[in-house]
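Asker: Just need the structure, nothing else, for what follows:
(one chain, ligands or ions: 2)
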Amino acid sequence: MTTLHPDILSLDVDCAVVDIEGTTSATGYVVDVLYPYSRKRFGALLTERADEPEVRRAAEQVRELLEEPDADAARIEQALGEWLDEDRKVTPLKTLQGILWSEGFARGELVSHFYADAVHALRRWHAQGVRLYVYSSGSVAAQRAWFRHSAEGDLLPLVSGLYDTENAGPKDTPRSYRKIAKSIGAKPDRILFLSDRPAELDAARKARWLTVGVRRRGEPYYEEGMGDHPETPSFAAIRITRTIQRRKNAACPKSS
Ligand SMILES: CSCCC(=O)C(=O)COP(=O)(O)O
Ligand SMILES: [Mg+2]
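Answerer: Ligands and ions are numbered 1, 2, ... in the order given. Below is the predicted model:
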């Protein structure tokens, strides 16, 4: 990484992978708008749509996590509510939220939030030919709806692939980042990861990715800081140069 100006981070990479909550978008919006939206609807989803394969599979995963094989819909709803209160990034919770949110976005009841600097940078990098990916604890279905239904319009065409805790694994585990790098076909040192959470940045670095902590005032990890990762308060301060001659096989093909 080169420093052009004390506040500008200049990086030479082929791909950027972005976290959502706290990084491209405000945690407050997720917690204040999306979480109550799902909480109100879990009961009906678990009872009226219990036979849908995704709902059945998520309910089964909740029972496994609780180690309560006979947990009924009411008990599962209670557990989901507790995980929401604790903001636990548990896969079946995220799957069920993803079902409800994507339907809410499609009906026009929800519109996603992006920080303006993130939208500008994603558009700029995409125009430069930088391949963009998302890695979030929110399910792939939720991510797709989130990017499609933003206040700035449909941002989904900017991204080449979406990763979550189901198709990649937990975000604080280096193995998940190795899996993503393999899936997108990029060398780890040609991938930039942007996140608000130091544990995720640590895991990405262990997988030999480049990391930048996005440290926005008012976000939950602001006070904790980004450890020893380079940090920025805004995507506006990140320049992607791609000056190194592209090597054979260095391209990042499209993924899921
Ligand atoms: C569209 S994803 C909604 C946000 C969410 O539920 C979540 O868990 C995001 O976590 P992140 O990994 O993006 O910090
Ligand atoms: Mg985050």
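Asker: From now on I want contacts and neighbour counts done on CA atoms only, so please keep to that.
Answerer: Noted.
Asker: Could I get the buried residue list for stretch 100-113?
Answerer: Under the neighbour-count criterion of 16 or more other CA atoms under 10 Å, stretch 100-113 has 100-105, 110-113 buried.
Asker: Now flag whichever of those is closest to ligand 2.
Answerer: H113 (13.6 Å; CA to the ion).
Asker: Let me see the contact set for the closest one.
Answerer: Listed by CA atoms under 8 Å, 6 or more residues apart in numbering, the contact partners of H113 are 25-26, 29, 150-151.
Asker: among those, which ones are buried?
Answerer: 25-26, 150.
Asker: Quick check: which of those residues are also close to ligand 1?
Answerer: Applying CA under 6 Å from any ligand atom to these, one finds that nothing falls near ligand 1.
Asker: Out of those, which is nearest to ligand 1?
Answerer: S25 (8.3 Å; CA to the nearest ligand atom).
Asker: Can you tell me how far that closest one is from A151?
Answerer: 12 Å (CA to CA, to the nearest Å).
Asker: before we move on, back to that, can you flag which of the contacts of H113 belong to helices?
Answerer: Residues of those located in helices (DSSP state H): Y29.
Asker: Same list (the contacts of H113) but as JSON lines, adding pLDDT.
Answerer: Compiled in JSON lines, the contacts of H113 are given as follows (pLDDT from 0 to 100):
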{"residue": "S25", "pLDDT": "98"}
{"residue": "A26", "pLDDT": "98"}
{"residue": "Y29", "pLDDT": "96"}
{"residue": "S150", "pLDDT": "98"}
{"residue": "A151", "pLDDT": "97"}
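Asker: Return the subset of the contacts of H113 lying in strands.
Answerer: Applying DSSP state E to the contacts of H113, no entry is found in strands.
Asker: any chance of the contacts of H113 in a markdown table, plus distance to ligand 2?
Answerer: As requested, the contacts of H113 are exported to a markdown table (distance: CA to the ion, whole Å):
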| residue | distance to ligand 2 |
| --- | --- |
| S25 | 9 |
| A26 | 9 |
| Y29 | 13 |
| S150 | 17 |
| A151 | 20 |
